[in-house]
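K.L.:
model this:
(one chain, ligands or ions: 1)
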Amino acid sequence: MTTENPKVGFLGLGHMGGPMAANLVRAGYAVVAFDPVPAAQDQARADGASVVATAAEAVAEADIVVTMLPNGRVVLDLYGEILSAAKPGTLFVDSSTIDVADAVAAAELAVAQGYRALDAPVSGGVAGAAAGTLTFMVGGAPDDFAQALPLLEVMGGKVVHCGGAGVGQAAKICNNMLLGISMIGLSEAIVLGEKLGLTHEKFFDVVSTASGQSWALTSYCPVPGPVPASPANNDYRPGFATALMTKDLGLAANALAANGVDGQLGQLAAQIYQRFNRDEAGRDFSAIVTDIRTRSEQEQA
Ligand code: NAD
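P.N.:
From the prediction side, this is the model:
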């Protein structure tokens, strides 16, 4: 272990937080970790973290505290619980995906008590968390970003300072809103092509190099065949689960409304995924193409 590394408190050792904390340990950071779920504790212990019984203990000696939690309510409640337990000047880095307003509120809570704070949500999923190749989108003060950068680079392949408090979350929900909309649009075009006699292979051949090209098609094609690594080839096992896309689109829809943006497609995408999520929360979000196909068949019958 290198002595110059800051001490890390890590809270939330789930699908994402568990492997992220493990990567910090592997890189020589002393990680004191907490999660209420025994299985997550056991895994973190096996990965070499020092697991403690309370969140307050995990932050007591930390220079940097990383949180990777389910939602904004949990983040704000936990900040309320742990802030007074940390040393003065501790840097709080929240990597959960939460509402922009909650991210700003969490940062304000920390700063009001003499701490420093960044929002640093990620994309790249569980595979990126395990491989240490996440993309971090960071909001907060430049000095705080500079302090967190080496640690974020252990867990991520790309780290972008997006702006002030909450602007990292803004980047995350803008990107995922666009991804949700483009996956729905692509899926509608694929199903229309099917009806008109266009095979998936020919659709891909044309659209992947034409003006309708998108990441959703060329890297994550929602039908089996053209992109062998996409979840469509694996019975739509995630990947990026519909439940998570639905959550992110809900955050985007809230932000559209709160900021007076005429985001009709963003709102509609949130509704479409909410409906799909009722039965298919665990399937990859690209399985929306199967829903569009089924509903189209029902409509014709
Ligand atoms: P998860 O449910 O697997 O993990 C969350 C963990 O937080 C759980 O282990 C839970 O026990 C723990 N937790 C809850 N309350 C706590 C508390 N008070 N103190 C400490 N730990 C607590 O979720 P996940 O998939 O790891 O996602 C975490 C965050 O990352 C979410 O905000 C999610 O939207 C975001 N995210 C997930 C993915 C993904 O592919 N899973 C991708 C990008 C972003």
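K.L.:
gap between Ala148 and Val122?
P.N.:
From Ala148 across to Val122, the span is 13 Å (CB to CB, to the nearest Å). Every residue, glycine included, has its C-beta placed from N, CA and C.
K.L.:
Verify the stated contact: Ala241 with Asp284.
P.N.:
Yes. In this structure Ala241 lies within contact range of Asp284 using CB atoms under 8 Å: 6.7 Å.
K.L.:
Alpha carbons only: can I get whatever helix or strand Asp77 lives in in PDB?
P.N.:
Taking DSSP states H and E as the definition, Asp77 sits inside helix 72-82. Written as PDB, here are the backbone C-alpha positions of helix 72-82 (Å, rounded to 0.1, in the frame of the first residue of the first chain):
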ATOM      1  CA  GLY A  72     -31.300  10.700  -4.100                       C
ATOM      2  CA  ARG A  73     -33.400  10.100  -1.000                       C
ATOM      3  CA  VAL A  74     -30.900   7.600   0.300                       C
ATOM      4  CA  VAL A  75     -28.000   9.900  -0.600                       C
ATOM      5  CA  LEU A  76     -29.500  12.900   1.300                       C
ATOM      6  CA  ASP A  77     -30.500  10.800   4.300                       C
ATOM      7  CA  LEU A  78     -27.100   9.300   4.500                       C
ATOM      8  CA  TYR A  79     -25.300  12.600   4.100                       C
ATOM      9  CA  GLY A  80     -27.500  13.800   7.100                       C
ATOM     10  CA  GLU A  81     -26.200  10.900   9.100                       C
ATOM     11  CA  ILE A  82     -22.500  10.900   8.200                       C
END
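K.L.:
for it, what is the average pLDDT?
P.N.:
In this model, helix 72-82 carries a mean pLDDT of 97.
K.L.:
helices or strands up against that helix?
P.N.:
Packing partners of helix 72-82 (3 or more CB pairs under 8 Å, 6 or more residues apart in numbering; DSSP states H and E): helix 55-59, strand 64-67, helix 100-112.
K.L.:
Could you export these as a markdown table, including mean neighbour count?
P.N.:
What follows is those, written out as a markdown table (neighbours: other CB atoms under 10 Å):
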| stretch | mean neighbour count |
| --- | --- |
| helix 55-59 | 22 |
| strand 64-67 | 26 |
| helix 100-112 | 20 |
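K.L.:
Distance to the ligand added to those, as TSV?
P.N.:
Output for the helices and strands packed on helix 72-82, formatted as TSV (distance: least, CB to the nearest ligand atom, whole Å):
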stretch	distance to the ligand
helix 55-59	5
strand 64-67	8
helix 100-112	11
